[in-house]
Every structure is written in structure tokens, then in C-alpha cells.
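Chemist: below are the sequence and a predicted model; questions follow.
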Amino acid sequence: MPPRLAGTGTRAICRSWLVALFALTPALAPVARAQGGDIDCDRENEREVGAVKFTGNRTFATDELSARVLATASSFTRRHFRVIGAKRCYPSTGLGPDVAALKQYYQNNGFYDTTVDTLVRRTSKSAVDITFRINEGAPIRLDTLRIEGLELVDDTASILKNLQLQVGGRFGRDLLTADVDTIVARLRNSGYPRADQLRSWTVNRSQHRATVGIQVTTGPLAHFGAFDVTTIGAKGASGEIDSAVVRGLIGIRTGQRYSARALSEGTRNLYNLGVYRHVGLDVDTTWQHGDTIADVHVDLREDFIHQFDLNEGWATLDCFRINSQLTNRNFLDKAQRLELTGRLSKIGFGDPTDFQATHDLCRRHDLEKDTASSVLNYYAGATLRRPTLFGTHWVPSYSAYTERTGEYQAYLRTTYLGGEASATRELGRGLPFRAAYSMEYGYTIAQPAILCAVFRRCSRSEQDDVQATRRLAITSGSIQWIRTNDPVEPTTGFVIGGEIRGSSPYFLSDPSVSFLKVTADVSWYREITHHSVFFARVRGGVTSLGNLLPPQERLYAGGANSVRGFQQNELGPIVYLWTSLDTTQFKPDTNFVNRTISYIAKPGATSSRRSPGGGNSLFVVNTEVRIRDPFFPQLLEYVPFIDAGQVWTREPGTKQLNTQRAEITPGLGIRVFTPVGPIQLNAGYNPGKPRPGPAYFAAPVDPVTGQAPLLCVTGFGEPPVPIKILPGGHPDTEGIVCPATFVPARSSNFFRRLTLTLSIGTGY
């Protein structure tokens with residue numbers, strides 16, 4: 001539990017959570033990095049280590065040297081708060097092994113005269129600081145470098161390009177080892193599978209000079225020969241994918257110069273199909289064809305070719321939902337992947353499945369406020385993924401679909417017909433890039449208050465124009481850099497991703513919906529202990545100004561996978577709405593002389609509904625610690641977190657942001673691991689004040705005009721907005737813009753400031 005601080009105010013609560021969170025950050029829990037010895041404080045009268053310092057190290061950074069010694073300082077929180085954190089003590093074997101390790105490291109990198117001294121300074125009765133005082137001395141310089149045996153290699157320059165050892169430069173055995181490994185690897189990727197080396201060196205310590213000789217044996221130049229494919233199916237019979245298709249997917253031609261990298265890429269190509277449980281590419285080392293041909297044996301174990309998945313469930317904002325997918329991994333016998341997908345949500349609440357009995361099983365309090373939940377949401381589509389695009393490393397995909405989907409209290413998007421063509425390629429290990437082009441024909445419905453307050457479309461004709469059926473074409477590119485130890489539950493590593501999306505008449509889109517949108521995410525994982533992991537994520541986004549930005553392309557934040565102190569999408573610009581005339585909250589004030597009416601909120605008024613408007617600039621930070629239960633680690637996990645962020649709106653014609661301070665919401669989540677995935681319940685504390693925004697009273701539908709006019713509601717004490725009354729008693733709302741100044745009342749009760757959110761999956 002976090003330490004308790006005096007006071008019950010917002011600052012005390014946030015400070016308490018900050019102390020608890022940073023007490024568990026990975027930077028505060030380094031692991032011993034050397035073999036031998038013990039730094040655990042499990043003996044009496046041991047001296048705690050307060051700091052480990054290095055002086056005189058000009059060539060190597062302190063962090064690099066810290067990794068070579070056993071001596072490690074106690075964690076930040078242990079040293080400064082003395083309550084929580086890892087306590088580490090003076091090594092049981094003394095500092096002699098650390099001194100030897102540092103000297104050996106320096107010698108391996110060319111410093112043969114390095115000396116290391118230590119200083120242990122007592123800082124209290126039970127604590128010391130350790131300083132390693134290093135005198136590097138002069139490095140050994142490379143006087144002569146001979147590399148022989150490459151006379152028959154076509155492109156010697158590429159084999160020797162950018163080696164670390166250079167005449168006149170520093171010599172070291174570590175540098176030499178790295179260079180010979182590089183030379184051999186380049187030769188094996190250039191047609192010489194039997195490439196090897198012999199190395200020798202002499203060091204004159206008195207003159208600080210070294211001579212290096214590398215004798216390379218290339219072996220014969222080889223080319224790929226025949227490909228023998230053996231495939232066993234999922235049930236033990238022969239495989240379903242033809243061997244000729246497999247040879248094409250490997251991407252290596254008979255007669256092509258041998259390359260170890262090509263074999264590795266061929267293996268990855270086959271694994272990427274998702275068809276094989278095992279892929280083995282082995283070169284025939286018997287050399288049956290005059291030592292110049294390398295035959296390849298391909299050993300494959302197929303998984304099931306056909307698969308049907310069906311998932312049913314219930315969710316807070318989806319009510320009952322169902323998702324099904326039929327997969328054929330060998331469509332048309334070409335190892336093409338065909339996926340037929342169908343999804344339904346809002347079942348039991350959205351028309352035409354809205355029965356009274358099912359209504360009561362759904363979360364009516366939330367869904368009845370949401371336009372996107374009034375009708376059944378659906379998706380039906382087919383996706384065809386080919387193994388390669390014209391024999392290149394690009395993996396193409398083609399989709400056709402129809403769907404209706406909404407964002408909670410924001411918009412409802414209906415696509416009569418849509419299609420997408422995309423191509424994905426691995427630019428490097430864990431670095432996938434995706435380019436796509438999509439075109440949809442459909443329309444988007446948003447709350448009238450949102451259209452008026454956010455898009456300045458307040459009249460019925462303007463709103464009808466915004467929501468008209470249009471052609472929307474989007475070109476996008478996305479990239480991810482993945483460096484984690486586990487794709488599902490990572491404990492160390494990071495993920496960096498970004499996407500750019502744009503719509504323009506040049507892409508055959510309707511001119512009224514052109515835009516440019518850029519988003520980026522950075523996630524970082526670090527294991528603190530065996531049962532706890534620190535996680536941090538930063539997300540940002542920005543969109544262009546100018547033409548109308550479709551509601552589905554605006555930026556939203558708040559919810560179980562965002563800032564958890566807010567409900568879904570409710571961080572950022574908000575439009576407040578009343579749907580019934582409640583005189584305890586606001587009162588109409590009629591001026592019979594000027595034939596106008598004003599709606600004025602009473603002190604302490606709140607609104608019955610909140611509609612998020614989204615923005616064109618976004619910034620969100622999530623930090624959390626995932627702690628497994630000590631008794632049921634496979635079942636329960638506790639997640640203290642601190643989220644922060646904001647959504648802003650940049651107005652056309654100005655470079656300024658319509659800024660609001662970032663909201664900071666600490667909280668606690670409990671995650672339960674189930675067969676359908678982890679289910680997490682979050683309680684986020686929101687200490688901030690409600691954001692000012694425009695407020696409207698949605699009057700009942702006028703039987704004469706068939707419209708439901710939006711009538712501006714101003715806060716108590718603010719200048720009211722007069723609305724002209726037309727002959728017949730109908731209000732004239734044409735051209736009226738409601739000021740974004742209304743602030744609803746907010747309870748000071750701690751529990752009323754808690755926001756509960758539920759999610760399935762980790763979300764990050």
C-alpha cells in the first residue's frame with residue numbers, strides 16, 4: 001500500500017500515489033551484474049551501499065562499467081525514503097573481484113596498463129559509498145593489420161567495409177573478435193558457406209603497439225541447387241500445400257549464390273504464413289555436385305488448414321456481442337489466407353433486437369444516452385492475404401466489407417460498402433511496416449450538439465450536409481518497432497509505433513473530408529521483481545486544420561485503455577446536454593417585450609448527458625505497476641496506476657491551442673486471468689474540475705417543423721444568450737453559437753470522484 005500522507009486534499013492523494021508508483025519503477029531495482037559474491041543484506045552488521053561511483057573513466061561510460069561489477073547501490077526509494085525499495089550491501093567477497101573484472105574489461109579493449117583503486121567512505125554507522133578510481137593509461141595502437149585469403153572474392157571491399165580495427169586506431173581483443181565474426185558472416189552471405197578464419201596478434205606493451213593477422217579460408221563458392229520438400233500434415237498424413245508453392249514462398253532460386261541470410265529469410269517467410277508449426281531449412285553438407293552446389297532440404301510440419309472461431313460475450317458498452325471467423329489458410333491451393341469475418345454488437349439493445357427483456361440485461365443507464373447504441377452494430381467482410389507480392393518481401397492483403405460502428409456518445413458510422421488494399425513488410429527484425437489504401441461509401445451521424453458546438457453546424461440544413469452520404473478514401477502508412485521478450489505478456493522491452501493517415505481529392509475522396517492525421521505510441525516494459533512489472537506508455541496525435549474533419553478521425557481520450565479517471569472518450573472538449581425541461585437545474589427566462597427567451601442554469605446545476613467532441617491534438621501518459629498476487633499469481637494481478645493527458649482543439653486561423661491543463665488521475669486496477677483473457681476492473685480517482693463547455697437544452701421535436709432545436713443554456717451569473725421567438729412560438733436558433741463557459745457542479749465526496757471502468761485484455 002502507498003504511504004499515507006497528512007491531509008486529505010488532492011495534492012496529498014496524488015503525492016501519495018506518486019511515491020508508491022516511483023518506488024516500484026525499474027530504474028530503482030537494478031540487478032546484480034557480475035558472477036560470484038553476494039550483495040543481499042541477509043547477515044548481521046552488514047554495511048549498506050549508498051552509492052557506487054567511477055572516476056577517471058574517459059573511454060567508457062559509467063553505466064557500461066556498472067554492468068561489470070557486483071557492487072550495487074540500494075534503490076532510490078530505499079536511500080531517500082527508507083521505507084520501501086531494495087536494500088543492497090557491501091559484497092561478501094569484497095571489492096577484489098570487481099577490480100579484477102574492470103581491469104580485464106579494459107585489457108580486452110586495448111588498455112593493458114589500466115589500474116583500479118577503490119575508496120570506501122562511511123556515510124553512517126551502517127552505510128558506505130564506494131568509488132572505483134580508474135587510471136586508464138595509454139591504449140594499445142594497431143601498428144599493422146594483415147587480412148589474407150580474400151584474393152578470389154569478387155567484392156573484397158564490401159567484406160571489409162566499416163570494420164572496427166583500423167591502423168593507428170585502438171586495438172582490443174573484443175574488437176578483433178567482433179571484426180572476424182563480421183568477416184565470416186559476410187562471406188557466408190556472399191556464397192561461401194564454409195568460410196572460416198584463423199587470427200593471431202602480438203602486443204608490444206612497452207611501445208603500446210600491436211600487430212594483427214587474420215587468415216581467412218573462404219572454401220568453395222557455392223550456389224543453391226535442388227530444394228527437397230518434406231511436409232507432414234496436422235493429422236500425420238502428407239501436407240496439403242503443394243511443394244512447388246513452398247519453393248516459391250522460400251524466395252530462393254536454383255542457381256542463386258548461397259546466402260545464410262537468404263535461408264533465414266526463407267524460414268521467416270514460411271513461418272509468417274501461420275500455417276506451419278515447424279520449419280527447418282538444412283543445407284546438404286555432403287556436397288554431391290563437385291563442391292559448388294548446395295542442396296536444401298525443407299522439413300515442414302503443417303498446422304490445421306481450416307479453422308472456425310466463435311466468441312460470444314457481454315460488455316458494458318456493447319451489451320451482448322458475437323464474433324465469428326472462418327479461416328482457410330490454403331485458398332485456391334496457393335497458400336493464400338482467406339478470412340470471412342462477422343461481428344454483431346449492441347445485441348438486445350439496438351434496433352431491431354431491442355426487446356424489453358433484453359433491454360433490462362443491458363447497461364441501460366449508459367446506452368440510452370448513446371446514439372451509436374440505438375441500432376445494431378455489425379461488420380461483415382472478407383480478407384484475402386497472399387504470401388508475397390510479385391515475389392517480393394511485401395505481403396499483400398485485400399478486403400471488402402460493410403459495417404456499422406460507433407464511438408460511445410460521439411458518432412455512428414455506417415459504411416454501405418468499403419474496400420482496402422494493403423501491403424506489409426518486415427523492414428528488420430521486429431520492425432513491420434504497413435501501407436494501405438481504403439475507400440468507403442457511407443455516412444456518419446453525430447450528436448446535434450456536437451455538430452453545433454464542435455463543427456459550428458447548428459442549422460438543420462448544415463447538419464444534414466455534414467451527415468450526407470459521401471465517398472471517403474484514405475491512404476495510410478504505419479510502422480512498429482517491437483523489442484519485447486513476449487508478444488502477449490511482455491516483462492521487458494519496448495514498442496514504438498506510429499501512423500500517418502490522409503484523405504484528399506487526389507486519392508479520389510470527397511473534397512469536403514480531406515485531412516491529415518498523425519499519431520504515435522511508445523510503450524516500455526521493465527521487470528522489477530519476479531512477480532512485478534513496470535509499464536509506461538506515451539501517446540500523442542495531431543490532425544490538420546481546414547476542411548471538415550470526420551468525427552471518426554478526431555482524437556479521443558478517456559476510458560479503460562486511456563486515462564482511467566474518465567469514462568470512455570470524456571477527456572477533452574465536452575458538450576453538456578439536457579433532454580428534459582427540469583426547472584430544478586435551469587429555468588427559461590422569457591422577455592415578452594423583445595420576444596426572446598433565455599435558458600439560465602441555476603447554481604449547482606449539472607447536466608443529464610455529456611457528449612465528447614474530441615479534438616485535433618492529443619497527449620496521454622499511462623504508468624502502472626503490474627503485481628502478481630503472491631498466493632494466486634496465475635489468477636490475480638494488482639495494478640496501481642497514474643494516468644495523465646488531455647485533448648485540445650486548435651482553431652483555424654490561429655497557432656494557439658485551446659489549452660486546458662493536463663488531467664492526472666491515479667487509481668488501482670484488479671486483473672483476473674480467465675480463459676477468455678484477463679478481465680480488469682479499474683477505479684480511477686479524478687481530482688480535477690469539470691471542463692468548461694457549451695451547454696444545450698434539446699427541446700422536444702416541433703410538430704410543425706419536425707425539428708428538435710438546440711437551445712443554448714448559460715451558466716449562472718453569465719450573460720444569457722437570447723433566442724428569438726418566431727411567430728407561432730417557435731425558437732429561431734439560426735446563427736446562434738453557444739459559448740463554451742458552462743461548468744457543471746462536481747461533488748467533493750471522494751467516492752463520487754472515483755471512475756469505474758471495465759476492460760478485457762491488458763489494453764496496452
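Modeler: Structure's in. What do you need? Everything numeric in this text was worked out from a predicted model, so none of it was measured.
Chemist: and stretch 746-755, how far out from the chain's middle?
Modeler: Centroid separation for stretch 746-755 versus its chain: 31 Å, with Cα atoms, centre = their mean, to the nearest Å.
Chemist: likewise for stretch 227-234?
Modeler: 37 Å.
Chemist: before we move on, what about stretch 417-427?
Modeler: So, by Cα atoms, centre = their mean, the centroid of stretch 417-427 is 20 Å from its chain's centroid.
Chemist: ok, now stretch 509-528?
Modeler: With Cα atoms, centre = their mean, you get 10 Å for stretch 509-528.
Chemist: now do that stretch, average pLDDT.
Modeler: For stretch 509-528, the mean pLDDT works out to 90.
Chemist: what does stretch 476-484 give?
Modeler: Here the average pLDDT along stretch 476-484 is 92.
Chemist: list the buried residues of that stretch.
Modeler: Ser476, Ser478, Ile479, Trp481, Ile482, Thr484 (16 or more other Cβ atoms under 10 Å). In this view, the C-beta of every residue, glycine as well, is placed from N, C-alpha and C.
Chemist: could you redo these as JSON lines and give each row secondary structure?
Modeler: Output for those, formatted as JSON lines (DSSP: H, G, I helix; E, B strand; the rest coil):
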{"residue": "Ser476", "secondary structure": "strand"}
{"residue": "Ser478", "secondary structure": "strand"}
{"residue": "Ile479", "secondary structure": "strand"}
{"residue": "Trp481", "secondary structure": "strand"}
{"residue": "Ile482", "secondary structure": "strand"}
{"residue": "Thr484", "secondary structure": "strand"}
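Chemist: widest-spaced pair of the residues you listed?
Modeler: Ser476 and Thr484 (24.0 Å; Cβ to Cβ).
Chemist: which SS state does Lys103 fall under?
Modeler: helix.
Chemist: count of residues packed around Gln104?
Modeler: Gln104 is flanked by 12 other residues according to other Cβ atoms under 10 Å.
Chemist: state the distance from it to Phe632.
Modeler: Using Cβ to Cβ, to the nearest Å, Gln104 is found at 46 Å from Phe632.
Chemist: Three-state assignment for Asp179, please.
Modeler: helix.
Chemist: for it, which non-adjacent residue is closest in space?
Modeler: Distances taken as Cβ to Cβ, 6 or more residues apart in numbering put Leu163 closest to Asp179, at 4.7 Å, once the chain neighbours are dropped.
Chemist: my read: that neighbour touches Thr182, true?
Modeler: Yes. Here Leu163 lies in contact with Thr182, judged by Cβ atoms under 8 Å, at a distance of 6.6 Å.
Chemist: and the residue nearest to Asp179, how many neighbours does it have?
Modeler: 18.
Chemist: and if you look at Gly85?
Modeler: 19.
Chemist: check the one 4 residues further on too.
Modeler: Other residues near Cys89 number 21, with proximity taken as other Cβ under 10 Å.
Chemist: look at the residue nearest to Asp179 and tell me its secondary structure.
Modeler: coil.
Chemist: could you pull up the residues touching it?
Modeler: Contact partners of Leu163, counting by Cβ atoms under 8 Å, 6 or more residues apart in numbering, are Asp179, Thr182, Ile183.
Chemist: can you count the residues close to the second one?
Modeler: Here the count is done by other Cβ under 10 Å, and Thr182 has 16 residues near it.
Chemist: what comes up buried for the host helix or strand of it?
Modeler: Thr182 belongs to helix 173-188 when assigned by DSSP states H and E. Residues Leu175, Leu176, Asp179, Val180, Thr182, Ile183, Val184, Arg186, Leu187, Arg188 are the ones in helix 173-188 that count as buried (16+ other Cβ under 10 Å).
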